[in-house]
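A.B. asks: Let me see the structure of the following:
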Amino acid sequence: MATTFLNSSSQHLMQPPSKKLKGGGASWKVFQTENHGREGKIFGLQDLFAHDFDSKPTTSRSMRSNAIGSTNGANASNASSNQFYTLRLEHRIGGPTASHRNEERILLFRSDKPGAIAKIIYSSSLPDGAETELNVARPRSMSKSGECEARSSATASAAQAKIHVLDVKAPYRGKHLGGLLFSEAITSLKSKYCNPLDEVDDGNGAANISESSGTESDGASSMEMSGMKRRRAYDVECVLDAEEDTSRHGKLVQFYEDLGCKVKSSNRIQYVNNNDTETYRKVPMRIDLHAYTNECPAKKERARMRRKKFTHLVSSSKGSFLPIKLVGPLGKLLVRCFATGQELKLDWLATESSEGIQFCTTHGHLLLASPTGAVYVLSPDDQDLESSDLDIDAEELNKWTHFVPCHISDEENEAEDNSTSSQVSSGNNDLWVMRTCHGTFLTADSLKHTLSCTRLPSFWQASGANLSLVCTSDTPPRRHHYRKCWKFQTYDYVLSMRSRFLNFSLGKATLIEALGWIDSFPAHPFHSWSSDEGKTAADDTVMKSSTPSLRTLSFIMAETAREEGLPDWVQLVALLHELGEAVKVLDPTHTGDMADSIYDWTISSRSRVVGCKPPHRATFSEYRHLNMDLEDSKYNTNLGVYKPQCGLQNVLLMWTGCEYMYYLLKHNHATLPEEGFAMIRYFLLGDWHEHHEYSAITNADDADVLPFVAEFDALRRRVRLKSVDCNDLSDDQCSELWESHYVHIASKYNCEHVFSW
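C.D. replies: Next up, the predicted model:
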């Protein structure tokens, strides 16, 4: 007679629990979400990145040497290499230090120290005899669409420009700051010569073009009312020399080519020696800038100028910024170009304001979140397109480009950690969400590796060391669980749990019945969300709101081991290793209630040895201060209470469901190979089999089983990753798999009989 999972005629078998919603785990909303930081302001760049900011040793020496003579007071005079700072641009024209006619300079400064860290110097001039500015009378005829019928004469001789110096100090290279300066200089030249309209300052240093309503001569009346004047537009021929040493041979030319420059084939490459034992080659290059013509509709031109202030850092009111990478599991995230649909991999400049954080690029691209949930990059060329999707006023567009960082706190009150501070911690493992004006959240599509927005929050971790925002699979429930692990899992706690559960007096049941029970528990307890939160912004359809069951995951893992040709005992271990969670059914008034309200020790989470000092790399080590054992001299050394090379067989591990399962199989005389028992007990001890910690207490026997444990853990990780969105196996499917295959393996290793739990 086939074994069923829902009913049993055996008198000793307990009835399974009622089916639970497998997506009914704790919602992220029960965890405190902080929208404001110091002094009630929206969180900014310092809140995100101050922890371990710029702590790379390669930059410390030069940064420290520049701290002398700062004008920013005591704080700046004591600035260290990892003190938080932002960057700012400054545009200067002429002055006593200018060495070229009509010289302009764009300088890049740190916010905490004097002296430019990067600069570009360039000069420009109109063609001989050309007027600096030519007023144009109001066109007599204007179409209803606002397009000028009058056309200017052919563009006059091109204006001439030359870039003399582009220099980024060594500690700040590798962040594309040179590209930023070059793009800002080109933008400045375009604004000066290529734009036929004068700009009106909006009071914040940003170019603005006023728009007015009305149908009569829309384009001309708008220009008159805003005080704009037409002037002649010029093409610009901008030249430069790419001066390369042997270490950058070809690289600097490629850098300028990526920025739109071309090598001047008509000029010869020169080789020079600057008396520094280094030979340089000077490669003549050029970039041509073309004037905007009067063929552009006035509305289109206004839109272009209106949006320009979002991407032009020098003339905008943004003030400070940081170079940032947006990173997913596989590296830098892609973002779709608005006009072409091409997916681009970009580095970003993060700027902050009272409305949140904006992301733009050195080439003038701008990140925006649409109401549909799509995330686009708006290139400078895109900004000239007439699109119904973006035919909105500047204020609305500004909202679309802002992302508000919200800090996600742990569920517990900070007071439980003996901390009286209400400040947000600056740890680089803190979780953040990036909320849009549409009520959605910035996320990384794990399959397409692109940016998008959903109504479910995705969590980000900010790193000040490498200036990146990393979309992480970490969640508040997971952090909360590991926090409890550090708090509760002491040496005495493990002893008490062993005393309670290793007498195996909870009841009797077969392993197949226990597999039926764990169908009520989620395979991914830290990824589960309530169903009313599971809608995407893009299509308003309900996402999969629950993870597959733990039983489904167990069978999938066993079947994967079977398909890969692994031994039958490995298949059985894969099927049974998670059955420790069944204790919540056998002991509902203690373990079950505690799991729901306080701490669920049965969940498989990264383990550690108790009774000695945990490794610094231990999972969520930032919570180690919650563990009382670290204050006890008996337990806070590498050996702790153990003898040298005593072996893992003789130490206490955290009390988990898998630790219980190991002793359960031993107590009930299962005949698995020792490697199988080691897999069950040690696969959660990643600090040992991945990072080779605990060398003071491990021995040769542990080294023998380590490859088996590591391979089993790798198998489990692969299966868990691919089963996040899989469908649950039915009772009939599981019964068929058990009866046709796994019952025979269980019988072979003495695991088919009734177990004492």
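
A.B. asks: what's the spacing between residue 102 and residue 159?
C.D. replies: Here the distance between residue 102 and residue 159 works out to 10 Å (Cβ to Cβ, to the nearest Å). Every residue, glycine included, has its C-beta placed from N, CA and C.

A.B. asks: hey, what's in contact with both of those two?
C.D. replies: 124, 125 (Cβ atoms under 8 Å, 6 or more residues apart in numbering).

A.B. asks: got the residue ranges for the strands in the stretch 601-750 of the chain?
C.D. replies: Taking DSSP state E, counting those that start in this stretch as the criterion, the stretch 601-750 of the chain carries its strands at 609-610, 652-653.

A.B. asks: residue ranges with poor pLDDT in the stretch 251-400 of the chain?
C.D. replies: Low-confidence segments of the stretch 251-400 of the chain (pLDDT under 70): 274-276, 293-319, 380-392, 394.

A.B. asks: How are the strands of it distributed by residue range?
C.D. replies: Using DSSP E, counting those that start in this stretch, strands in the stretch 251-400 of the chain cover 262-263, 270-273, 279-289, 320-328, 331-332, 334-337, 343-345, 348-353, 356-360, 366-369, 375-378.

A.B. asks: now the ones you listed in a markdown table, with distance to residue 442 and mean neighbour count?
C.D. replies: Converted to a markdown table, the strands of the stretch 251-400 of the chain look like this (distance: least, Cβ to Cβ, whole Å; neighbours: other Cβ atoms under 10 Å):
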| stretch | distance to residue 442 | mean neighbour count |
| --- | --- | --- |
| strand 262-263 | 37 | 14 |
| strand 270-273 | 48 | 10 |
| strand 279-289 | 34 | 17 |
| strand 320-328 | 9 | 21 |
| strand 331-332 | 15 | 13 |
| strand 334-337 | 11 | 20 |
| strand 343-345 | 16 | 14 |
| strand 348-353 | 12 | 23 |
| strand 356-360 | 9 | 24 |
| strand 366-369 | 7 | 24 |
| strand 375-378 | 7 | 24 |
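
A.B. asks: Need these in TSV (columns: distance to residue 654).
C.D. replies: TSV is the format used below for those (distance: least, Cβ to Cβ, whole Å):
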stretch	distance to residue 654
strand 262-263	63
strand 270-273	66
strand 279-289	61
strand 320-328	31
strand 331-332	33
strand 334-337	39
strand 343-345	41
strand 348-353	39
strand 356-360	39
strand 366-369	42
strand 375-378	41
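
A.B. asks: Between these, which one is closest to residue 93.
C.D. replies: strand 279-289 (18.6 Å; Cβ to Cβ).

A.B. asks: quick one: which of residue 102 and residue 159 has more around it?
C.D. replies: Taking other Cβ atoms under 10 Å, residue 102 and residue 159 do not tie; residue 159 has more neighbours (22 against 14).

A.B. asks: ok now do the residue nearest the centre of the chain, which residues does it touch?
C.D. replies: For the chain, the residue nearest the mean C-alpha position is residue 470 (2.0 Å; Cα atoms, centre = their mean). Shown in contact with residue 470 (Cβ under 8 Å, 6+ apart): 327, 328, 460, 461, 462, 463.

A.B. asks: In CSV, list the residues you listed along with distance to residue 490.
C.D. replies: CSV is the format used below for the contacts of residue 470 (distance: Cβ to Cβ, whole Å):
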residue, distance to residue 490
327, 36
328, 37
460, 32
461, 28
462, 32
463, 31
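
A.B. asks: List just the nearest of those residues to residue 690.
C.D. replies: Nearest to residue 690 among the contacts of residue 470 is residue 461, at 20.2 Å by Cβ to Cβ.

A.B. asks: so which strand or helix has the closest one?
C.D. replies: Using DSSP states H and E, residue 461 sits within strand 459-463.

A.B. asks: about what we covered before: need the winner for burial among the strands of the stretch 601-750 of the chain.
C.D. replies: Counting by mean count of other Cβ atoms under 10 Å, strand 609-610 has the highest mean neighbour count of the strands of the stretch 601-750 of the chain, with a mean of 24.

A.B. asks: So in that sheet, which strands flank that strand, and in what orientation?
C.D. replies: Strands that pair with strand 609-610, judged by DSSP bridges, come out as strand 652-653 (antiparallel).

A.B. asks: who's in contact with the partner strand?
C.D. replies: By Cβ under 8 Å, 6+ apart, strand 652-653 touches 491, 494-495, 498, 607-611, 659, 681, 684-685.

A.B. asks: picking up where we left off before, look up how far residue 326 lies from the residue nearest to the centre of the chain.
C.D. replies: 8 Å.

A.B. asks: And for residue 625?
C.D. replies: On the measure of Cβ to Cβ, residue 625 and residue 326 end up 32 Å apart.

A.B. asks: Please apply the same query to residue 597.
C.D. replies: 38 Å.

A.B. asks: model confidence over stretch 513-521, on average?
C.D. replies: Over the span of stretch 513-521, the pLDDT mean works out to 94.

A.B. asks: Return the distance of that stretch from the chain's centre.
C.D. replies: Distance of stretch 513-521 from its chain centroid, counting by Cα atoms, centre = their mean, to the nearest Å, is 36 Å.
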